[in-house]
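Asker: this one's sequence-less:
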């Protein structure tokens, strides 16, 4: 930002020139998350059907879910199953007995910049601040009413976080 002062009859008119730049950019589609009733069965299905690497399922206690990542070329499928009936995805499974698409995750190079920019466009988030996601990097979910009904997760770029 540059400030220029012009003196006109003892009035100082300040003109600020802003270089308009997008403060952040999309690094890619990180994953598509699918809620499944049984994570072991789902992991075996993807591994055996598509002959792809499936990470060993782990428990993300803070999120109330079991998670396994299916590596599909340049992106992943995140398999999610509830730990118990209090899990945030347990209600999803009540409505969708065989599971289904839960959210997409967009990786961004500057999560803070993305949040500020999107809030300026009146887009809403489900939490006031990012939280550490299952991969150990900051994430935040956009309100699905603002994203054409698709629950959209923004995730800090792994390369920026040193992963």
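Answerer: Good, I have the coordinates. Predicted model only: the values in this text are computed from it and were never measured. Residues are numbered from 1 along each chain as shown.

Asker: switch to C-alpha atoms for all contacts and neighbour counts from now on
Answerer: OK.

Asker: any idea how far the helix or strand hosting residue 33 is from the chain center?
Answerer: Assigned by DSSP states H and E, residue 33 belongs to strand 26-35. Distance of strand 26-35 from its chain centroid, counting by C-alpha atoms, centre = their mean, to the nearest Å, is 7 Å.

Asker: which secondary structure elements does the top helix by length along the chain contact?
Answerer: In the chain, with assignment by DSSP state H, the single longest helix is helix 39-50. Counting contacts by 3 or more C-alpha pairs under 8 Å, 6 or more residues apart in numbering; DSSP states H and E, helix 39-50 is packed against strand 65-72, strand 75-82.

Asker: rewinding a little: give me the contact list for the strand holding residue 33.
Answerer: Contact with strand 26-35 is made by 75-81, 89, 92-93, 99-109, 155, 157, as judged by C-alpha atoms under 8 Å, 6 or more residues apart in numbering.

Asker: Tell me the strands beside it, with direction?
Answerer: Strand 26-35 has the following strand partners under DSSP bridges: strand 75-82 (parallel), strand 100-108 (antiparallel).

Asker: Output those in TSV; the columns should cover mean pLDDT and mean neighbour count.
Answerer: What follows is the strands paired with strand 26-35, written out as TSV (pLDDT from 0 to 100; neighbours: other C-alpha atoms under 10 Å):
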stretch	mean pLDDT	mean neighbour count
strand 75-82	98	24
strand 100-108	98	19
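
Asker: So for residue 150, which of these sits nearest?
Answerer: strand 100-108 (6.5 Å; C-alpha to C-alpha).
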